[in-house]
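Participant: build the 3D model from these lines:
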Amino acid sequence: MHSDLSLIWGLPFVGMLLSIALLPLLASHFWHHHYGKVAGFWALAFLIPYAAIHGFGTAGHDLVHAALLEYLPFIILLFALFTISGGLLVTGNLHGSPGTNTVLLGVGTLLASVIGTTGASMVLIRPLIRANDNRRYNVHTVIFFIFLVSNIGGSLTPLGDPPLFLGFLQGVDFFWTTEHLAAETLLLVAILLALFFALDSIFFAKEGKPKKKDPTPDTPRLGLIGLANIPLLIGVIMAILMSGLWKPGISFNVFGTPVELQNLVRDAIILVLALVSVRVTPKDIRARNGFDWEPIREVAKLFAGIFTTIIPVILILRAGSDGAAAPLVALVTDASGAPIDEAYFWMTGILSGVLDNAPTYLVFFNLAGGVAAELMSNYTSTLAAISGGAVFMGALTYIGNAPNFMVLAIAKNQGIKMPSFFGYILWSGAILIPSFLLLTWVFFR
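Facilitator: Numbers count the residues shown, from 1 in each chain. Predicted coordinates for the structure are as follows:
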């Protein structure tokens, strides 16, 4: 039960997440050149003493288990979605009116659950910026894009957002969140799209004469090139569905970790589809898309550190009230031991916003018991609260979800004067917190 593990084993995990949160802001040059070394440092800060105390066999088993069952499938999917969506280029330019902008945000929100928040963000952020590049007020457009496309829109499938894919790897059914988060997502999206339209209409009315000649003149319609990537995206979806439906009962033992055949086939198919995209997509399409491999390299290195340092945290949480996390368990359970959904929603959400939503989801998933079948059947509202908190509240800060920082970098590169880290929090706090309070009152109390 690992009830003997103390909270001190969680320090490398905390150090890893704080490094991700603070070093890009406090020491950006150092972070840009050495983030891989930082991730390696924290991973070794856990592995070396853990192996010395509990034995190399135990440490090796736990590391292989995390790598084969969680990290590699997770990073293979992100790599594929990033690569394939990067081969799709939206051409042309629309006029950034309130109606057009609202439609673009709505389309991106729907697309996020199909090609992931990263994929949808990379495909649509540049067309949205082009549509508004001669407007005086356009910061709010990017902020709402982060809210909706980079976060909330990914709540309906495991493809949408990394936390949900981690849940799928833990045994949560593919369409479980489609069924159990649809109402919450619909209400939240409706509120935010209506609020955006009203706010953008006010700013649009104040524009007056455009500040400059439109650098990207309007065209009658948008176009899409790189169409060979669409069947590849469909292939990724089918591969994931296959791994959830096909259960041949064959597994391979790798250093004590059972690896099921259907998951190996899934990951192999997804990886091949990504490599096909690299081969068939003309280089000029990726160049015009501003495609660069650095974001996925950064994610791969950082999450290697995260998935390593989170090992003892998960073991402690699985010990429940018998382990070192008993005070945390008390915060999210009532006197009878039943889970408090509001507490799970807000604690998962707040920590997702200030740290990163994927590992935060894993922490609270395991705190709630860590058994997918039981959570899906007996604690449906609790799993929905954890899933919604992780996905929705990743929008609270720039560091809550990987696409947030990508969109920020692209917008700043295009000359948009985005708010500072804390300035963004003022926006998200004023707009999202009241929406989440309403969501709590309607669904999680």
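Participant: what's the following helix or strand after the longest helix belonging to the chain?
Facilitator: If you go by DSSP state H, the chain has its longest helix at helix 98-131. Downstream of helix 98-131, the first helix or strand assigned by DSSP states H and E is helix 139-148.
Participant: show me what the helix or strand immediately after that following helix in the chain is packed up against.
Facilitator: Next along the chain after helix 139-148, taking DSSP H and E as the criterion, comes helix 162-169. Identification of packing neighbours for helix 162-169 by 3 or more CB pairs under 8 Å, 6 or more residues apart in numbering; DSSP states H and E yields helix 72-85, helix 357-367, helix 380-392. Yep, even glycine has a C-beta here, placed from its N, CA and C like the rest.
Participant: would JSON lines of these with distance to residue 200 and mean neighbour count be doable?
Facilitator: Converted to JSON lines, these look like this (distance: least, CB to CB, whole Å; neighbours: other CB atoms under 10 Å):
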{"stretch": "helix 72-85", "distance to residue 200": "26", "mean neighbour count": "23"}
{"stretch": "helix 357-367", "distance to residue 200": "27", "mean neighbour count": "26"}
{"stretch": "helix 380-392", "distance to residue 200": "22", "mean neighbour count": "27"}
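Participant: lowest average pLDDT across these?
Facilitator: With a mean of 85, helix 357-367 has the lowest mean pLDDT of the helices and strands packed on helix 162-169.
Participant: how far off helix 72-85 does that one point, in degrees?
Facilitator: 150 degrees (axes from the mean of the first three to the mean of the last three CA atoms, to 10 degrees).
Participant: now the helix or strand following helix 357-367: average pLDDT?
Facilitator: Later in the chain than helix 357-367, the nearest helix or strand by DSSP H and E is helix 372-378. For helix 372-378, mean pLDDT is 93.
Participant: what does helix 372-378 contact?
Facilitator: Residues from elsewhere that reach helix 372-378 (CB atoms under 8 Å, 6 or more residues apart in numbering): 167, 170, 171, 172, 173, 176, 365, 368, 369, 382, 383.
Participant: go with 6 Å
Facilitator: 170, 171, 172, 176, 383 (CB atoms under 6 Å, 6 or more residues apart in numbering).
Participant: same question for stretch 297-309.
Facilitator: 12-13, 16, 36, 39, 42-43, 46, 66, 70-71, 75, 359, 402.
Participant: is it possible to export these to a markdown table including distance to residue 128 and secondary structure?
Facilitator: Below are the contacts of stretch 297-309 laid out as a markdown table (distance: CB to CB, whole Å; DSSP: H, G, I helix; E, B strand; the rest coil):
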| residue | distance to residue 128 | secondary structure |
| --- | --- | --- |
| 12 | 39 | helix |
| 13 | 36 | helix |
| 16 | 33 | helix |
| 36 | 32 | helix |
| 39 | 32 | helix |
| 42 | 36 | helix |
| 43 | 37 | helix |
| 46 | 41 | helix |
| 66 | 37 | helix |
| 70 | 33 | helix |
| 71 | 33 | helix |
| 75 | 28 | helix |
| 359 | 29 | helix |
| 402 | 19 | helix |
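Participant: can you map out the strands along the stretch 151-300 of the chain?
Facilitator: Per DSSP state E, counting those that start in this stretch, the stretch 151-300 of the chain carries strands over the ranges 223-225, 251-254, 257-260.
Participant: deepest of those, which one?
Facilitator: The highest average neighbour count among the strands of the stretch 151-300 of the chain, using mean count of other CB atoms under 10 Å, belongs to strand 257-260 at a mean of 16.
Participant: in its sheet, what does it sit against?
Facilitator: strand 251-254 (antiparallel) (DSSP bridges).
Participant: pull the strand it pairs with out as CSV, backbone CA atoms only.
Facilitator: C-alpha atoms of strand 251-254 as CSV (Å, rounded to 0.1, in the frame of the first residue of the first chain):
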residue,chain,number,x,y,z
SER,A,251,0.1,-9.1,-23.2
PHE,A,252,3.9,-9.0,-22.9
ASN,A,253,5.8,-8.8,-19.6
VAL,A,254,8.5,-6.1,-19.6
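Participant: what mean pLDDT does that strand get?
Facilitator: Regarding strand 251-254, the rounded mean pLDDT is 90.
Participant: so what touches that strand?
Facilitator: By CB under 6 Å, 6+ apart, the list of residues contacting strand 251-254 from outside reads 258, 259, 260.
Participant: could I get the residues you listed as a markdown table with distance to residue 299?
Facilitator: Listed next are the contacts of strand 251-254 as a markdown table, based on distance: CB to CB, whole Å:
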| residue | distance to residue 299 |
| --- | --- |
| 258 | 27 |
| 259 | 23 |
| 260 | 25 |
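Participant: nearest to residue 283 among these?
Facilitator: Using CB to CB, residue 259 is the member of those that sits closest to residue 283, with 35.6 Å.
Participant: how about residue 31, secondary structure?
Facilitator: Assigned with DSSP: H, G, I helix; E, B strand; the rest coil, residue 31 falls in the helix class.
Participant: burial of it, as a residue count?
Facilitator: Neighbour count of residue 31, defined by other CB atoms under 10 Å: 17.
Participant: cool, residue 55 as well?
Facilitator: Neighbour number of residue 55 under other CB under 10 Å is 11.
Participant: what about it, distance to residue 48?
Facilitator: Distance of residue 55 to residue 48, given as CB to CB, to the nearest Å: 13 Å.
Participant: low-confidence ranges in the protein?
Facilitator: Residues of the chain that meet the criterion pLDDT under 70 lie in 1-3, 208-220, 355.
Participant: who wins on neighbours among the contacts of stretch 297-309?
Facilitator: In the contacts of stretch 297-309, the most neighbours by other CB under 10 Å go to residue 16, 28 neighbours.
Participant: quick one: contacts for that residue?
Facilitator: So residue 16 contacts 42, 305, 306, 309 (CB under 6 Å, 6+ apart).
Participant: rerun that using 7 Å as the cut-off
Facilitator: 39, 42, 305, 306, 309 (CB atoms under 7 Å, 6 or more residues apart in numbering).
Participant: grab the nearest non-local neighbour of it.
Facilitator: residue 42 (4.2 Å; CB to CB, 6 or more residues apart in numbering).
Participant: so how far is residue 18 from the one you found?
Facilitator: From residue 42 to residue 18 the distance is 10 Å (CB to CB).
Participant: just to revisit the earlier point, can I get the helices and strands packed on helix 162-169 in JSON lines with distance to residue 110?
Facilitator: Formatted as JSON lines, the helices and strands packed on helix 162-169 follow (distance: least, CB to CB, whole Å):
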{"stretch": "helix 72-85", "distance to residue 110": "14"}
{"stretch": "helix 357-367", "distance to residue 110": "20"}
{"stretch": "helix 380-392", "distance to residue 110": "15"}
